[in-house]
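Visitor: show me how the following folds:
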Amino acid sequence: MDLRDRESHQRLTESLRSLREELGIREQFPEDVLLEADAAVAAHTLPSTDLRALPFLTIDPPGSTDLDQAVHFACREDGTAGYEVWYAIADVPLFVRAGGTIDAEARLRGQTLYAPDGRISLHPEVISEGAASLLPERDRPAFVWHFLLDAAAAVESATVRRATVRSRRQLTYAQVQAAIDAGTADGQLMLLQEIGLLRIRQELDRGGASLNLPRQEITYDGGGYGIVTEPALPCEDWNAQISLMTGMAAARMMIDGGIGILRTMPEPDDGALGKFRRQSEALEHPWPAHMPYGAFLRTLDVTVPRQLALMHAAASLFRGAGYTAFDGEVPDAVVQSAIAAPYAHATAPLRRLVDRFVLVTCESLCRGSEVPAWVRAALPELNALMASSNQTASRLDAGAMDAVQAALLSNRIGEAFSAVVLQGSPPAIEDAPGKQAPRLSGTVQVTEPALEATCYGELVAGERVTVILLEADIARRRIRFEVKPTDAPARGA
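Guide: All right, here's what the predicted structure looks like:
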């Protein structure tokens, strides 16, 4: 769906601007930060280790300019069945002086924020989209991870060092998937698929889980806003497995070294698991008693309404994620339960604050050197900084999506739409005499246009329903539906 109505477009622009103000988002970089960034770029020198002969490539969404990662694959040449993976990650610390103005500003921001009306970067563009970005045919400094994998793609060894690299190709996920599907992919992309599928098997074997919900993105082409909803491509999963492998190696390196910061998440409790099992039975896709929930989630087809509702219900199993820092004694809780292993954020330093500290820690440990004092000093505060930033990012994403959806539907009040119930209404609760009962509501996925929204009425998860649009308030960033009492035809039916 697309929005080009001038009046609605203007109200949406105002709503998005108001959202940024409400969240206190820092849009412009102070002059001293920009000056320090220019000076850092002008003064930087490339690492002496030269890996430019390796034909790295990047895979990102179309139009990306802040490229954190580049990858190169090969079969092992030591006579052993298996693979070698080189994973280059942008050397942001080379441009960010500890205790400097860029460092201070990055701590206030926490991460790059993505809004429909523009990106709010973690670092000045001269760094994030210029000298540090792994753009094609440019010599760039990087932290290069080198993995030796066995024939099943299990990690036998992992090291990281600073080096100069040169990416040869910038690809999109759609290009990669199209080449794979057409049988025209080169050896590099075929190895991505081969290793990615083996790493998915590794994930299942250790009891890991991925929540592969359909991707919903706001688009803007300069003339109008739109929302695109589509399932993730298989190659996105394969590529993500390389990042997960790197984060797991970083976590293991820091645990062995007795210093670092991990991304942790507790196991879902028995109550959450029991509720999800009952939901699977109610939605007629029961979770087998002896199947790990990660393996079960990979059986779900999100194009089937009841299974889409079940995938949304699985989100209740992925809660409580945070960061755990340590320097000396390793904490007892070091596992990220969805990954089913210790894990760290290490692969997106252009876009996420904590990764810069993880990379420097791992490179120091791998080199047998002391972790810098500025890293040690920052570890205790990184959890709070990232928690605050993640909250802002979540509120921005949700608010922007609500605003765009309201704008796209603002001229369609009273129309009927086909939908699938994602979250049913809670059981009715008897209220005290004289007290008005709360209105029953749940969450629905409207079929066309594709969007999620609150809906009033008695709802049962997984059922198809017809809903009426009651409200589409752009300024308040809110849409509301109610169940249609009849079976009259609806749009998207």
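
Visitor: so for D2, what's the pLDDT?
Guide: Listed pLDDT for D2 reads 48.

Visitor: any idea how far S364 lies from E21?
Guide: Distance from S364 to E21, counting by C-beta to C-beta, to the nearest Å: 41 Å. Placement of C-beta: from N, CA and C, glycine included.

Visitor: more neighbours: which of those two?
Guide: Shown here are S364 and E21; by other C-beta atoms under 10 Å, S364 has more neighbours (18 against 10).

Visitor: can you classify the more buried one by secondary structure?
Guide: helix (DSSP: H, G, I helix; E, B strand; the rest coil).

Visitor: excluding chain neighbours, give the residue nearest to it in space.
Guide: V371 (4.7 Å; C-beta to C-beta, 6 or more residues apart in numbering).

Visitor: how about the residue nearest to T229 when sequence neighbours are not counted, phi and psi?
Guide: In space, T229 comes closest to A450 once its chain neighbours are excluded; the distance is 3.7 Å by C-beta to C-beta, 6+ apart. Per-residue torsions, A450: phi -80, psi 110 (degrees, to the nearest 10).

Visitor: low-confidence stretches in this structure?
Guide: Where the chain drops to pLDDT under 70, the residues are 1-5, 221-223, 427-438, 486-493.

Visitor: give me that answer again for 50
Guide: Applying pLDDT under 50 to the chain flags residues 1-2, 432, 488, 493.

Visitor: got the domain boundaries for it?
Guide: 2-266+323-406, 267-319, 412-483 (automatic domain parsing).

Visitor: residues in contact with P372?
Guide: A98, V360, S364 (C-beta atoms under 8 Å, 6 or more residues apart in numbering).

Visitor: now do the SS call for the first one.
Guide: Yep, that's A98 we're talking about. Taking three-state DSSP as the rule, one finds A98 in the coil state.

Visitor: for the closest residue in space to it that isn't next to it in sequence, give its distance to G368.
Guide: Nearest residue to A98, sequence neighbours excluded (C-beta to C-beta, 6+ apart): W374, at 3.6 Å. Noted for W374: a distance of 19 Å to G368, by C-beta to C-beta.

Visitor: L113 too?
Guide: 38 Å.

Visitor: who's more crowded, these two?
Guide: Remark: of L113 and G368, L113 carries more neighbours, 23 against 7, as counted by other C-beta under 10 Å.

Visitor: for that one, which residues are in contact?
Guide: By C-beta under 8 Å, 6+ apart, the contact list for L113 reads I25, R119, I120, T392, A393, L396.

Visitor: of those residues, which belong to helices?
Guide: Among these, DSSP state H puts T392, A393, L396 in helices.

Visitor: I'd like those residues laid out as CSV, including neighbour count and distance to E236.
Guide: Listed next are these as CSV, based on neighbours: other C-beta atoms under 10 Å; distance: C-beta to C-beta, whole Å:
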residue, neighbour count, distance to E236
T392, 18, 25
A393, 19, 20
L396, 21, 22
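
Visitor: nearest to I261, of these?
Guide: Taking C-beta to C-beta as the measure, I261 lies nearest A393 of the ones in helices among the contacts of L113, at 18.6 Å.

Visitor: tell me which stretches of the stretch 101-250 of the chain form strands.
Guide: 113-115, 118-120, 139-150, 155-172, 215-220, 225-230 (DSSP state E, counting those that start in this stretch).
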